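> I'll drop the sequence and a predicted model, then ask my questions.
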Amino acid sequence: QVQLVESGGGLVQAGASLRLSCAASGFTFGPVAMGWFRQAPGKEPEFVSAISRSGGSTAYAESVVGRFTISRDNAKNTVYLQMNRLKPEETAVYYCAARRTSDSGAYSLRRDYGYWGQGTQVTVSS
């Protein structure tokens, strides 16, 4: 059974940092591209970042470029999202997603992913 479990969320002040983790189980992690999305209250989910199965390709939403970094540790079946200089408008539930793939792409569309975690809450106070 495929399972994605996010952790690392919490309440921080504006300008602070958080590192989210997403631990995957139930499938071979290597041939899997990963992504992070977020959904703020009353808003549609939006793409945050993605990483290819090898880690060689990454993608970011324009709003997080230079502040967020995605990475993965295939030995630990885990993907990370380092978030620096957080802003109050980035308060949301953050979800990780997985896509089985044989290519080297980093995917930014929700429909590209077949597996989703339950999410972790990130709250940024002003």
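Structure's in. What do you need?
> hang on, Q13 packs against P88?
No. Here Q13 does not reach P88: they are 9.2 Å apart, not a contact under CB atoms under 8 Å. For glycine as for every other residue, the C-beta is placed from the backbone atoms N, C-alpha and C.
> just the terminal-to-terminal distance for stretch 52-64.
Stretch 52-64 has an end-to-end distance of 18 Å (criterion: CA to CA, to the nearest Å).
> ugh, wrong one, stretch 67-76
End-to-end for stretch 67-76, by CA to CA: 24 Å.
> ok, now stretch 96-116?
Start-to-end span of stretch 96-116 (CA to CA) is 6 Å.
> which positions within that stretch qualify as buried?
C96, A97, A98, R99, A106, Y107, S108, D112, Y113, Y115, W116 (16 or more other CB atoms under 10 Å).
> is the fourth one in a helix, a strand, or coil?
At R99 the chain is in strand, as set by DSSP: H, G, I helix; E, B strand; the rest coil.
> residue contacts, it?
Listed by CB atoms under 8 Å, 6 or more residues apart in numbering, the contact set of R99 reads V32, A33, M34, G35, Y107, D112, Y113, G114, Y115.
> rerun at 7 Å
Residues counted as contacts of R99 (CB atoms under 7 Å, 6 or more residues apart in numbering) are V32, A33, Y107, D112, Y113, G114.
> between those, which is closest to S54?
Taking CB to CB as the measure, S54 lies nearest A33 of the contacts of R99, at 9.4 Å.
> how many neighbours does the residue nearest to E90 when sequence neighbours are not counted have?
By the measure of CB to CB, 6 or more residues apart in numbering, the closest residue to E90 outside its immediate chain neighbours is V124, 5.5 Å from it. A count of nearby residues for V124, using other CB atoms under 10 Å, gives 20.
> who are the contact partners of the residue lying closest to F29 once chain neighbours are set aside?
What sits nearest to F29 in space, not counting adjacent residues and going by CB to CB, 6+ apart, is N77, at 4.1 Å. Residues near N77 by CB under 7 Å, 6+ apart: A23, A24, S25, F29.
> and G114, by the same measure?
By CB under 7 Å, 6+ apart, G114 lies in contact with R99, R100.
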